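Q: the amino acid sequence is not available; the structure is as follows:
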C-alpha cells in the first residue's frame, strides 16, 4: 500500500509539469506506468540479486581477512574473481563441469543465485526458486560467519605480531 501511495504522489507531482510542453506531459503520464511495470516484473530478479549480493559479502569478508596479512590483495581478488566465473556457472554451465568442480560449485556464493535468476528469466515463479534462494542465503550466512571470525582472528594475530599491512 505504501508503494502505491508513493507511486500516486509521484504521478501527481508529474502532472504539475504538464505546462512545459506536449512531449513532457506525454512522458509525465507514461513514466509512472513504465516505472511501476518494470518494478513489478523485476522484483523477483531484484530479490535474487539482493540475496546473491549478501552471499558475496561474506566472501568479501574472507578476502578482507586475508588482506590483513597479504601485501597485494588485488591479485587474490582477481584469482577469486576468475574462480567465481568458472565455478559458479556464470560462463561454463555446471552440467559440463567435472564432478569435483560441481561439488565445489554447490558450496560457493553466486552459484544458486545465478541458477535462480536464469530460472526466473525462463519464466519460473518466485516460489519455484525459493529453494535456490534459501540455499544461497544459507551459504551467505556461513561465509559471513566464517569471514567475520577470520577477520577477528587475523586482526588479533596481526596486532600481536605487528604485521598489519597499511597501504
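A: Cool, the structure landed. In this text the structure is predicted, and so the values were computed from the model without any measurement.
Q: could you identify the helix or strand that succeeds the lowest-mean-pLDDT helix or strand in the chain?
A: When each helix and strand of the chain is scored by mean pLDDT, DSSP states H and E, helix 2-15 comes last, with a mean of 65. For helix 2-15, the following helix or strand on the C-terminal side (DSSP states H and E) is helix 22-67.
Q: contacting residues around the residue positioned nearest the centre of the chain?
A: Nearest to the geometric centre of the chain sits residue 53, at 2.4 Å (C-alpha atoms, centre = their mean). With contact set as C-beta atoms under 8 Å, 6 or more residues apart in numbering, residue 53 has no partners. For the C-beta atoms, the positions are set from N, CA and C on the backbone; glycine is no exception.
Q: cool, residue 84 as well?
A: 90, 108, 109, 110.
Q: my read: the first one touches residue 114, true?
A: Think residue 90. Yes: contact criterion C-beta atoms under 8 Å: residue 90 and residue 114 qualify, at 5.8 Å.
Q: between these two, which is the more surrounded one?
A: residue 114 (18 against 12; other C-beta atoms under 10 Å).
Q: and that one, how far from residue 84?
A: 10 Å (C-beta to C-beta, to the nearest Å).
Q: need the residues touching each of these two.
A: Residues touching both residue 114 and residue 84 (C-beta under 8 Å, 6+ apart) are residue 90.
Q: pLDDT weak spots in this protein?
A: 1-25, 28, 163-167 (pLDDT under 70).
Q: and the gap between the nearest residue to residue 110 once chain neighbours are set aside and residue 38?
A: Closest residue in space to residue 110, ignoring its immediate chain neighbours: residue 88 at 4.3 Å, by C-beta to C-beta, 6 or more residues apart in numbering. Distance, residue 88 to residue 38, using C-beta to C-beta: 27 Å.
Q: those two: which is more packed in?
A: Per other C-beta under 10 Å, whichever of residue 88 and residue 38 has more neighbours is residue 88, with 21 against 10.
Q: thought that one was touching residue 115?
A: No: using C-beta under 8 Å as the test, residue 88 is too far from residue 115 to be in contact (9.0 Å).
Q: quick one on the thing from earlier: phi and psi next, for the residue nearest to residue 110.
A: Here is the backbone geometry of residue 88 (degrees, to the nearest 10): phi -90, psi -10.
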